[in-house]
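[1] everything below, folded, please.
(2 chains)
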Amino acid sequence: GIQVEQSPPDLILQEGANSTLRCNFSDSVNNLQWFHQNPWGQLINLFYIPSGTKQNGRLSATTVATERYSLLYISSSQTTDSGVYFCAVDLVSGGAQKLVFGQGTRLTINP
Amino acid sequence: DAGITQSPRHKVTETGTPVTLRCHQTENHRYMYWYRQDPGHGLRLIHYSYGVKDTDKGEVSDGYSVSRSKTEDFLLTLESATSSQTSVYFCAISAQSGANVLTFGAGSRLTVL
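    Numbers count the residues shown, from 1 in each chain, chains lettered A, B, ... in the order given. Predicted coordinates:
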């Protein structure tokens, strides 16, 4: 099956710093999503980005499908950005999603 | 948890007992999913549903069954719980069309003693 690797596994930063999280995947995908799991366990969808670049406030994401990776950028980090960030992929788009998740990157933002 | 409710949120049970987790949605989405989250494994798909009475297996379906008798409800049953099924279980939904992102419920923490 498809493999998803995220790096780094852990990242500790000071408030105000910028960060880049990476997601590599082993096969061509037509569905890629980024999620944030906050310290209380809630999973929030950040981006649906099988290709191209999207931005939402201080967060942006880029997927280079031909090279099988995606990047999540967080600028001017805030303590509320802490949590675990997951990348998830599926070979197909549309219909029932059978997303395969990476192990996540645990981000800690210190005040 | 807009539109998705999981119950119970916490449960402690003993090995060998049956357990049913419920997922209820008010979004009228076609697709519903059950995932489990374990340290070192991320989230893994257990079962999913693509309509009333239409379900299929995911990556880690052994020991689990599901049912969907109404669009809004998706039940996950552990017929005889084992300690290896101690986990946090997440329900998720997605729409039929558009950028059908996955939306998760708040999770149900199950401990099997």
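
[2] now stretch B:62-82: buried residues?
    When burial is assessed from 16 or more other C-beta atoms under 10 Å in any protein chain shown, stretch B:62-82 yields the following buried residues: B:64, B:66-68, B:72, B:74-76, B:78, B:81. Heads up, the C-betas are built off the backbone N, CA and C, glycines and all.

[3] could I get the CA-only coordinates of that stretch as CSV?
    Only the C-alpha atoms of stretch B:62-82 are listed here, as CSV (Å, rounded to 0.1, in the frame of the first residue of the first chain):
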residue,chain,number,x,y,z
ASP,B,62,-10.6,-7.5,12.1
GLY,B,63,-12.6,-7.7,15.3
TYR,B,64,-14.9,-4.9,14.3
SER,B,65,-18.3,-4.7,12.6
VAL,B,66,-20.4,-1.8,11.5
SER,B,67,-24.0,-0.9,10.6
ARG,B,68,-25.7,2.0,9.0
SER,B,69,-29.5,1.7,9.1
LYS,B,70,-30.0,5.5,8.7
THR,B,71,-28.1,8.2,6.8
GLU,B,72,-27.3,9.9,10.1
ASP,B,73,-26.1,7.0,12.2
PHE,B,74,-23.0,4.8,11.8
LEU,B,75,-22.4,2.2,14.6
LEU,B,76,-19.1,0.5,15.3
THR,B,77,-19.3,-2.7,17.3
LEU,B,78,-16.6,-4.7,19.1
GLU,B,79,-18.3,-8.1,19.5
SER,B,80,-15.9,-9.2,22.2
ALA,B,81,-13.5,-6.5,23.2
THR,B,82,-9.8,-7.2,23.6
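
[4] next, see if it gets close to chain A.
    No: using C-beta under 8 Å from any C-beta of the partner chain, stretch B:62-82 never reaches chain A; the gap is at least 12.4 Å.

[5] about what we covered before: just flag the most distant two among the buried residues of stretch B:62-82.
    Taking C-beta to C-beta as the measure, those reach their widest spread between B:72 and B:81, a distance of 25.4 Å.

[6] of the buried residues of stretch B:62-82, closest to residue B:15?
    residue B:81 (6.2 Å).

[7] in three-state terms, label the closest one for me.
    Per DSSP: H, G, I helix; E, B strand; the rest coil, the secondary structure class of residue B:81 is coil.

[8] what's near enough to touch residue B:63?
    Counting by C-beta atoms under 8 Å, 6 or more residues apart in numbering or on different chains, residue B:63 touches B:78-80, B:82, B:84-85.

[9] should've said residue B:26
    Contacts of residue B:26 by C-beta under 8 Å, 6+ apart are B:3-4, B:72.

[10] circling back: closest one to chain A out of the contacts of residue B:63, please.
    residue B:85 (18.1 Å; C-beta to the nearest C-beta).

[11] on the pLDDT front, check the closest one for me.
    At residue B:85, the pLDDT value in this model is 98.

[12] is it correct that it is in contact with residue B:109?
    No: in this structure, residue B:85 is not within contact of residue B:109 by C-beta atoms under 8 Å, at 11.9 Å.
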